[in-house]
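1. Provided below are the primary sequence and the corresponding predicted coordinates.
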Amino acid sequence: MTIIDNFPLIEFIYSCLIIFPSLLIYIKTKKIYNFKKHTGVRYFSNAFLFFAISFSIRFIYFISRSYSEYSLSKIMLYNNYILIFFELFFLVPGFYFFMSLTYKNFGRYRKLAWRFGIVFLFLVSLVDYFTYTFLLMYIVSIGFFSMNSFISYRNYQKKQTKYGQIYSTAMVLLLISWILNFSTQYILDKIPFLRYYVYFVNVLAVLIMLFIVNKMLDNF
Amino acid sequence: MKKRERFDVINDILVSIKKNKGKIKPTRLLYSSNLSSLMFKDYISDLTKTGLIAEVKDSKGRKHYEITEKGHDFLRKYSMFNEFVGNLGL
């Protein structure tokens, strides 16, 4: 059995490579948020917290399916309304990145926009739950990351900053990973190991974000 | 002209002191801060209480303000914060 065939090991490594960098980013950006309460920083920081949470739940869910004698898997399989929150936690990072880049445009309706967004994401999760699919999750996430990529690139074009360019690249990578993820589920499901390209792109995007945060907030 | 936030005002005050070789007379600081005298007093009081600046009297009893290590640290963090927010467009 090769390492690629060892699904639990791959999942473990993949999850660690997403969860720990995400938590590190969250901790570092929380520090600067405590310095100055900036709304954009708060959304950016919390996006990574939800990355860490969603991938933790994902890891527990997929691994418990492999070892179904554990009670947690039984809880998740027989009470599969938990999938609603599973999907919601996956949708939130894209939305929070979007809010971090656009909150100024909402002015005094910012909190209303946030509430509307969360309710919308919850409804998306509900619809997917009752239709036994993740289709809307993919469409909405691709939509959010398309907008995030466009906005971050436009911001980079205006200011021409080095880390702005790298950040924009990371956003595009996250968009690509969602598109690839969608493809593995609905279009290219016969292509083996395509899933591992998704993993690679996701990890690369998160590590790029960690690089940016480390470089700019070193010794904060 | 965009209204300055509190942190911006603090930064401007500390930068004024730093540019003046780390110490400055009150009147000069008042002019460079672009604040009313009432607001200036409030800010100076806060900055002194939080240890970002220190009020020093010379041998002739003349007062001036000096930026402290904590004040330098604030300037450094504020600069890093602005760079982070500006680069990412947050």
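-> Good, I have the coordinates.
2. Do a quick rundown of the helices in chain A.
-> Secondary structure of chain A (DSSP state H): helices located at A:7-35, A:39-66, A:71-78, A:82-106, A:110-130, A:135-159, A:162-186, A:194-216.
3. May I see those organised as a markdown table, with distance to B:Ala54, mean neighbour count and mean pLDDT added?
-> Every residue, glycine included, has its C-beta placed from N, CA and C. Shown next, in a markdown table, are those (distance: least, CB to CB, whole Å; neighbours: other CB atoms under 10 Å in any protein chain shown; pLDDT from 0 to 100):
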| stretch | distance to B:Ala54 | mean neighbour count | mean pLDDT |
| --- | --- | --- | --- |
| helix A:7-35 | 22 | 17 | 93 |
| helix A:39-66 | 30 | 19 | 89 |
| helix A:71-78 | 58 | 13 | 55 |
| helix A:82-106 | 37 | 20 | 92 |
| helix A:110-130 | 39 | 15 | 94 |
| helix A:135-159 | 37 | 18 | 95 |
| helix A:162-186 | 35 | 20 | 92 |
| helix A:194-216 | 30 | 18 | 92 |
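4. Out of those helices, the one nearest B:Thr48 is which?
-> Proximity to B:Thr48, assessed across the helices of chain A by CB to CB, is greatest for helix A:7-35 (20.1 Å).
5. That closest one close to chain B?
-> Yes: using CB under 8 Å from any CB of the partner chain, helix A:7-35 reaches chain B at A:Ile32, A:Phe35.
6. What is that helix packed up against?
-> Judged by 3 or more CB pairs under 8 Å, 6 or more residues apart in numbering or on different chains; DSSP states H and E, helix A:7-35 is in contact with helix A:39-66, helix A:194-216, helix B:69-88.
7. one step back: let's have the helices of chain A in TSV, adding distance to B:Ser32.
-> Output for these, formatted as TSV (distance: least, CB to CB, whole Å):
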stretch	distance to B:Ser32
helix A:7-35	24
helix A:39-66	29
helix A:71-78	63
helix A:82-106	29
helix A:110-130	34
helix A:135-159	28
helix A:162-186	31
helix A:194-216	29
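8. give me the number of residues near A:Ile187?
-> Applying other CB atoms under 10 Å in any protein chain shown, we find 11 residues neighbouring A:Ile187.
9. Also A:Gly107?
-> 8.
10. Get me the contact residues on chain A for chain B.
-> Residues of chain A lying near chain B (CB under 8 Å from any CB): A:32, A:35-36, A:38, A:40-41, A:43-44, A:100-101, A:151-152, A:155-156, A:159, A:161-164, A:167, A:212-213, A:216-217, A:220.
11. again, only this time at 6 Å
-> Counting by CB under 6 Å from any CB of the partner chain, the residues of chain A close to chain B are A:32, A:35-36, A:40-41, A:44, A:100-101, A:155, A:161, A:163-164, A:167, A:216, A:220.
12. quick check, B:Ala54 in a strand?
-> Yes: according to DSSP: H, G, I helix; E, B strand; the rest coil, the state of B:Ala54 is that of a strand.
13. follow-up on the earlier one: I'd like the helices and strands packed on helix A:7-35 written out as TSV, with distance to A:Pro93 added.
-> As requested, those are exported to TSV (distance: least, CB to CB, whole Å):
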stretch	distance to A:Pro93
helix A:39-66	4
helix A:194-216	10
helix B:69-88	15
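14. Among the ones you listed, which comes closest to B:Asp8?
-> Ranking the helices and strands packed on helix A:7-35 by proximity to B:Asp8 (CB to CB) places helix B:69-88 first, at 8.9 Å.
15. Report the inter-axis angle for the closest one versus helix A:162-186.
-> Inter-element angle recorded for helix B:69-88 and helix A:162-186: 50 degrees (by axes from the mean of the first three to the mean of the last three CA atoms, to 10 degrees).
16. how distant is helix B:69-88 from the center of its chain?
-> In terms of CA atoms, centre = their mean, to the nearest Å, the centre of helix B:69-88 is set 14 Å apart from its chain centre.
17. Can you say which of the helices of chain A is nearest to B:Asp42?
-> helix A:7-35 (21.2 Å).
18. What segments of chain B are helices?
-> Ranges of helices in chain B, per DSSP H, are B:6-19, B:26-33, B:37-49, B:69-88.
19. would JSON lines of these with distance to A:Ile187, mean pLDDT and mean neighbour count be doable?
-> Below are these laid out as JSON lines (distance: least, CB to CB, whole Å; pLDDT from 0 to 100; neighbours: other CB atoms under 10 Å in any protein chain shown):
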{"stretch": "helix B:6-19", "distance to A:Ile187": "49", "mean pLDDT": "94", "mean neighbour count": "17"}
{"stretch": "helix B:26-33", "distance to A:Ile187": "62", "mean pLDDT": "92", "mean neighbour count": "15"}
{"stretch": "helix B:37-49", "distance to A:Ile187": "60", "mean pLDDT": "94", "mean neighbour count": "14"}
{"stretch": "helix B:69-88", "distance to A:Ile187": "33", "mean pLDDT": "95", "mean neighbour count": "17"}
